[in-house]
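Chemist: Need a 3D model of the sequence below.
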Amino acid sequence: MTNKVDFQQFRERAIALRRDGKSRREIKEITGVTSNRMLDDALRGVPPEPAVLRPRAKDDLHARARELRASGHTYVEIAAELGISKSSVSLWVRDMPRPGRLSYEEGRKRNAEAVSAYWHLRREARRQAVQEAAVAEVGELNEREILIAGAIAYWCEGTKSKLHSRGEQVAFINSDPQLIRFFLRFLDAIGVAPERLVCRVYIHESADVVGAQQFWREVTGLPADQFKRPTLKRHNPKTIRKNTGSDYHGCLVVRVRSSSELRRQIEGWASAAMSAGARSDIPDGLPEATAG
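Modeler: This next block holds a predicted model:
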């Protein structure tokens, strides 16, 4: 654009794009203009649309910091609560009156609790970030990957044939709803119809047995007539149990009717998957006496 006519045309188009909600970067990409100075001249006197303006990221934190200060929190506590630096807290609330002074021991205790809470939040954020990155790395599984993962899961949590117990039926037990759902997805991938499944809840007699039955029916999506009577574990008052509360639903056993041939197939798939990654100095095969 070397003359006034070209610039006027560019200005008119840039203003139209700006009023259409486009950002400066988008306007440059659409028009092909790379000069920031030319874009500045074209948009002079034309304010950006509200949708283009990015809100100040720390406005909410600023307001929350002042709320906490007004309720008597220290700089250390506010910084830990909001995950910001102590210097930012000082800058935002230094015009506010100081809260009543605490005793030395009380001050140390509150600051230690605040610092502990801060690092707990940092660890949780890091844990979540690592987990989300791992989920993205795996992505969607194809049918073959589901078959391999399902066979390995069964080898870990399913019944297997042993020298002292020749089990022939496919039976998978676990207390984790996600793992149960995955096992059902695995069965679907290998062609097992839902009608062939029979479930049974194993749970302490002191727990909410009826609620647990309903919970596992919702997890599996199977009708009530495919659930057998729950197996109850006798309550021992001397035992200090950790698996209590509203989130305790016992374990679920999922069995497949007429599945002796299928169980042998699954163990074969598991054997192949484990052999593929096994060290050469470890004997091959699945020893019956130790499988379990």
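Chemist: any idea which element Arg200 lies in?
Modeler: strand 197-204 (DSSP states H and E).
Chemist: Now do the helix or strand just after that strand: which elements does it pack against?
Modeler: Sequence-wise, the next helix or strand downstream of strand 197-204 (DSSP H and E) is helix 209-220. Identification of packing neighbours for helix 209-220 by 3 or more C-beta pairs under 8 Å, 6 or more residues apart in numbering; DSSP states H and E yields helix 177-189, strand 197-204, strand 251-256. Heads up, the C-betas are built off the backbone N, CA and C, glycines and all.
Chemist: Just give the closest residue to Asn174, not the sequence neighbours.
Modeler: Take Asn174 and drop its neighbours on the chain: the residue closest to it by C-beta to C-beta, 6 or more residues apart in numbering is Glu157, 5.2 Å away.
Chemist: Distance check, His204 against Val198.
Modeler: His204 sits 22 Å away from Val198, going by C-beta to C-beta, to the nearest Å.
Chemist: brain fart, Ile78
Modeler: Counting by C-beta to C-beta, the gap from Ile78 to Val198 is 57 Å.
Chemist: Val115: which of the helices and strands packed on helix 209-220 is closest?
Modeler: Nearest to Val115, of all the helices and strands packed on helix 209-220, is helix 177-189, at 34.2 Å by C-beta to C-beta.
Chemist: What helices and strands are in contact with the closest one?
Modeler: helix 143-157, strand 170-174, helix 209-220, strand 251-256.
Chemist: And that helix, what's buried?
Modeler: By neighbour count on 16 or more other C-beta atoms under 10 Å, the buried set for helix 177-189 is Ile180, Phe182, Phe183, Leu184, Phe186, Leu187, Ala189.
Chemist: which of the residues you listed lies closest to Gln131?
Modeler: Nearest to Gln131 among the buried residues of helix 177-189, with distances taken as C-beta to C-beta, is Phe182, at 16.6 Å.
Chemist: pretty sure that closest one is touching Gly150, no?
Modeler: Yes. Contact criterion C-beta atoms under 8 Å: Phe182 and Gly150 qualify, at 7.1 Å.
Chemist: re the thing from before, okay, Ile78 and Val198: which has more neighbours?
Modeler: Ile78 (25 against 17; other C-beta atoms under 10 Å).
Chemist: Would you confirm that the more buried one belongs to a strand?
Modeler: No. Under DSSP: H, G, I helix; E, B strand; the rest coil, Ile78 sits outside any strand and is assigned helix.
Chemist: May I have the strand or helix carrying Ala270 as PDB, with CA atoms only?
Modeler: Following DSSP H and E, the helix or strand that holds Ala270 is helix 260-276. Output of helix 260-276 as PDB, limited to C-alpha atoms (Å, rounded to 0.1, in the frame of the first residue of the first chain):
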ATOM      1  CA  SER A 260     -15.000 -71.500  29.800                       C
ATOM      2  CA  GLU A 261     -13.800 -71.100  26.200                       C
ATOM      3  CA  LEU A 262     -13.700 -67.300  26.500                       C
ATOM      4  CA  ARG A 263     -11.700 -67.500  29.800                       C
ATOM      5  CA  ARG A 264      -9.000 -69.500  27.900                       C
ATOM      6  CA  GLN A 265      -9.000 -66.900  25.200                       C
ATOM      7  CA  ILE A 266      -8.500 -64.100  27.600                       C
ATOM      8  CA  GLU A 267      -5.700 -65.800  29.400                       C
ATOM      9  CA  GLY A 268      -4.100 -66.400  26.000                       C
ATOM     10  CA  TRP A 269      -4.400 -62.700  25.100                       C
ATOM     11  CA  ALA A 270      -2.900 -61.800  28.500                       C
ATOM     12  CA  SER A 271       0.000 -64.200  28.000                       C
ATOM     13  CA  ALA A 272       0.800 -62.800  24.500                       C
ATOM     14  CA  ALA A 273       0.700 -59.200  25.800                       C
ATOM     15  CA  MET A 274       2.900 -60.000  28.800                       C
ATOM     16  CA  SER A 275       5.300 -62.100  26.700                       C
ATOM     17  CA  ALA A 276       5.800 -59.200  24.300                       C
END
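Chemist: quick one: average confidence on it?
Modeler: Averaging pLDDT along helix 260-276 gives 91.
Chemist: Pull out the buried residues from it.
Modeler: Here helix 260-276 shows Leu262, Arg263, Ile266, Glu267, Trp269, Ala270, Ser271, Ala273, Met274 as buried, counting by 16+ other C-beta under 10 Å.
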